[in-house]
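[1] using only what follows, build the 3D model:
(chains A and B)
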Amino acid sequence: MKAITPSANDVPVVHLRPPRGWFSLNLRDLWQYRELIYFLTWRDLKVRYKQTLLGALWAVLRPFMTMVVFSIFFGELGKVPSENLPYPVFAYTGLLPWELFATALTVASHSLVNNRHMITKIYFPRVILPMASILAGVVDFLIASVVLAGIMLYFGTPLAGPVWPVIFFLLLTLITALGVGLWLAALNVMYRDINYITPFLSQFWLLITPIAYGSSLVPESWRILYALNPMVGVVNGFRWALLGMESGAPGPMMWVSVLVSLLLLVSGLIFFRRMERQFADMV
Amino acid sequence: MSDLAIRVENLGKQYRLGTSGTNYQTLRDALGEMFSGRREPSAESGKKFWALRNVSFEVQQGQVLGVIGRNGAGKSTLLKLLSRVTDPSEGAAEIRGRVGSLLEVGTGFHPELSGRENIFLNGAILGMKRAEIASKFDEIVQFAEVEQFIDTPVKRYSSGMYLRLAFAVAAHLEPEILVVDEVLAVGDAEFQRKCLGKMSDVAQQGRTVLFVSHNMSAVLRLTQETLVIDKGRLVMRAPTTEAVDFYLSQGFSQEGVREWREDEIPASAEPFRPLAVRVCNPAGAIADTVRSREPITLEIAYRLNAPVQGLRVGIYLMSTRGEYILTSFDTDDPEKFERYATRAPGEYVSRCVLPADFLNEGRYVIGVNASSFRVRRYFQDEQALTFNVDAAGAPGTQWPELRLGPVRPRLDWHIKVV
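    Sure, this is the predicted structure:
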């Protein structure tokens, strides 16, 4: 027979008491449950691709079709300047992180409500749910990136940027998405209005992000204010790192975006942790 | 004391009652509150209640403790607090070791995923490491008896297979503290036997078990000591036999009565108006759970708005699978039939007693019929009420098995050497 009763030292002791104070991030718990992040991400992916006819093709179709429409209306008809780059390449490079971000907002905002049967029955750090739902989108992102390579080849656009910082900007996209996603997910537990707000929010956000147009279209004096939208930093960063677009190179605008993104994450975490205790009772 | 597994001190949980069962607000309400600077006193402060309060107890490591109480008594709240699903509103608790509960059987199962995939996913949700799941994988599959279907999506499983798989994962979690809540209410007899066996194993391995159940004979078989919870309070902690006696004799069990609302009675029933059908224990208290070894009283209350000739009011008794066990009317006795040839308007109660040592353990359905033979059927409700029969103390309960058949008489056996 196995030794079931471990020595007193290994037994984790849990103390239950009424919640007190503002928050404790309890990162140790999160670390203990790290495999759950992996499994839930994997579940989201698996289920998504099992149930849909086109599967991975959706990851490509959405940004691709948007790029085509943008190219016709803004590029060809609207003559929107694209920083001396072929407009389709310019637009698609912006759409790449944008799709990741917009999808992340939607899935994260539903992540708690959709998994309420888990929340009401079992303990685990709730942060894992929005996290895993966002991470599943990275696979879509990678697939869509391959298509970017194809588009660049077609238009003969060289990889003119330093490339490797893309990893950093991908991370920035995820941080921003998680920050906003945590707010939306926690609010959605309490106010189902969030279901209506999220589509509107991402539509609105798309317009204030330099995807169909370049951020150099924004007057000099307004640019810092404009960069309060962290996705400005992300999209500029992508275009700089991949296409070598000079106006996107790291500068004051970039730092403002990074700062706002981190603020969103920290505030989102604090708010989420604070609300977390009531999820099981309210969801 | 270092060998305590659980110490609970004055634990309490307060809930705010939602208006329609939903607890979330709309943003408009919240914004309204914010701008008006005050909360609606009627909607907010008036509707709080304590689901659990002032509960204190200790559980020794390796102890198997029963928890009984009727629905809504606070059992589930206690389990939710101990398994950290929700935080207490007051008091404190100290828990030594990982808590695994069987109340989340199948939590996180996804119908589209295969049995294999769900085992890993569910294991991770229950807090198992991947290596741990992999090492127990074969054992889990074998326990669940789903070898052939392990790569089939679980949505194609029968409900029995689904449940067996879900239970198998949870049962192999090997936590220091195991919380079991009503899993035995589901599944076939063979599976229930297996679950009980698994639980005894767990207990024998020196792990702590909290066993919450409505099945008194299972509680009696598996536990030595039991907590009785009622209305959010701990009313008793005693050796299980004592606690079960107390629980059953107090008529703590829920329901046990069905009352008809005006709109549930068809107009065609006139002049017969059914009022209620009740199940009572020997103490005369309405009870949802009655004991096999005690007489069970069934009564039908009704009103006649006009004189009725040749009326017979009676019951059907059925198993929950719909098999009839008996049919009986209040005027079956010819003498009574003569005496009540015509019943005057007024309120009546027709009462009968099922003898002790008659029904086997299980859940039964009572149907009601009021008719005049070959003249008219006034009222019929084939599923008026269900109730539980508990086998505690019935013949043969020394063997932890389910007996087949709806009756469980105490037969007079003679054994002779020939």
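
[2] how much space separates the residue in the stretch 301-418 of chain B positioned nearest to chain A from B:Arg164?
    Residue nearest to chain A within the stretch 301-418 of chain B: B:Pro400 (21.7 Å; C-beta to the nearest C-beta). The C-beta positions use only the backbone N, C-alpha and C, and glycine is treated the same way. Distance of B:Pro400 to B:Arg164, computed by C-beta to C-beta, to the nearest Å: 19 Å.

[3] ok, these two, which is more surrounded?
    Using other C-beta atoms under 10 Å in any protein chain shown, the more surrounded residue of B:Pro400 and B:Arg164 is B:Arg164, with 22 against 15.

[4] pLDDT value on residue 168, please?
    Assuming you mean chain A. We have a pLDDT of 95 for A:Phe168.

[5] nope, chain B please
    pLDDT, B:Ala168: 84.

[6] quick check: it touching B:Ile140?
    Yes: counting by C-beta atoms under 8 Å, B:Ala168 does reach B:Ile140; the two are 4.7 Å apart.

[7] the two - which one has more neighbours?
    B:Ala168 (25 against 22).

[8] tell me which element the more buried one falls in.
    helix B:159-171 (DSSP states H and E).

[9] what's the answer for B:Arg312, then?
    strand B:311-319.

[10] cool, and A:Pro199?
    With elements taken from DSSP H and E, the one containing A:Pro199 is helix A:194-207.

[11] other SSEs contacting that helix?
    Where contact means 3 or more C-beta pairs under 8 Å, 6 or more residues apart in numbering or on different chains; DSSP states H and E, helix A:194-207 is packed against helix A:87-114, helix A:165-190.

[12] which stretch among those helices comes nearest chain B?
    Closest among the helices and strands packed on helix A:194-207, using C-beta to the nearest C-beta: helix A:165-190, at 5.3 Å.

[13] quick one: the closest residue to B:Leu275 other than its chain neighbours from B:Ala5, how far?
    In space, and not counting its chain neighbours, B:Leu275 is closest to B:Ala301: 4.1 Å by C-beta to C-beta, 6 or more residues apart in numbering or on different chains. With distances taken as C-beta to C-beta, B:Ala301 is found 48 Å from B:Ala5.

[14] and these two? Which one has more around it.
    Remark: of B:Ala301 and B:Ala5, B:Ala5 carries more neighbours, 23 against 19, as counted by other C-beta under 10 Å.

[15] so where does the more buried one fall, helix or strand?
    Per DSSP H and E: strand B:4-16 holds B:Ala5.

[16] again, but for B:Tyr364
    Going by DSSP H and E, B:Tyr364 is part of strand B:362-372.

[17] same for that strand, what does it pack against?
    Using 3+ C-beta pairs under 8 Å, 6+ apart, strand B:362-372 is in contact with strand B:272-280, strand B:296-304, strand B:311-319, strand B:324-329, strand B:376-390.

[18] tabulate those strands (TSV), appending mean pLDDT.
    Listed next are the helices and strands packed on strand B:362-372 as TSV, based on pLDDT from 0 to 100:
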stretch	mean pLDDT
strand B:272-280	92
strand B:296-304	94
strand B:311-319	89
strand B:324-329	91
strand B:376-390	85
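
[19] quick one: closest of the ones you listed to B:Pro266.
    Shortest distance between B:Pro266 and the helices and strands packed on strand B:362-372, using C-beta to C-beta, is found for strand B:376-390: 7.6 Å.

[20] excluding its backbone neighbours, what's nearest the residue in the stretch 1-150 of chain A positioned nearest to chain B?
    Evaluated by C-beta to the nearest C-beta, the stretch 1-150 of chain A has A:Tyr123 as its residue closest to chain B, separated by 3.6 Å. Distance criterion C-beta to C-beta, 6+ apart; nearest residue to A:Tyr123, sequence neighbours excluded, is B:Arg84 at 3.6 Å.

[21] and that neighbour, what does it touch?
    By C-beta atoms under 8 Å, 6 or more residues apart in numbering or on different chains, the contact list for B:Arg84 reads A:14, A:16, A:123, B:99.

[22] just the residues you listed: which are in strands?
    A:14, A:16, B:99 (DSSP state E).

[23] where neighbours are concerned, which of those has the most?
    B:Val99 (25 neighbours).

[24] verify the stated contact: that residue with B:Leu82.
    Yes: here B:Val99 reaches B:Leu82: they are 6.1 Å apart, a contact under C-beta under 8 Å.

[25] give me the common contacts of those two.
    With C-beta under 8 Å, 6+ apart as the test, B:Val99 and B:Leu82 both reach B:177, B:179.

[26] now for B:Phe57: which residues touch it?
    Per C-beta under 8 Å, 6+ apart, neighbours of B:Phe57: B:6, B:8, B:227, B:234, B:237.

[27] wait, what's in contact with residue 275?
    You didn't pick a chain, so chain A it is. A:Met275 touches A:186, A:189-190, counting by C-beta under 8 Å, 6+ apart.

[28] that's the wrong chain, I wanted chain B
    Neighbours of B:Leu275 in contact, by C-beta under 8 Å, 6+ apart: B:259-260, B:301-303, B:347.
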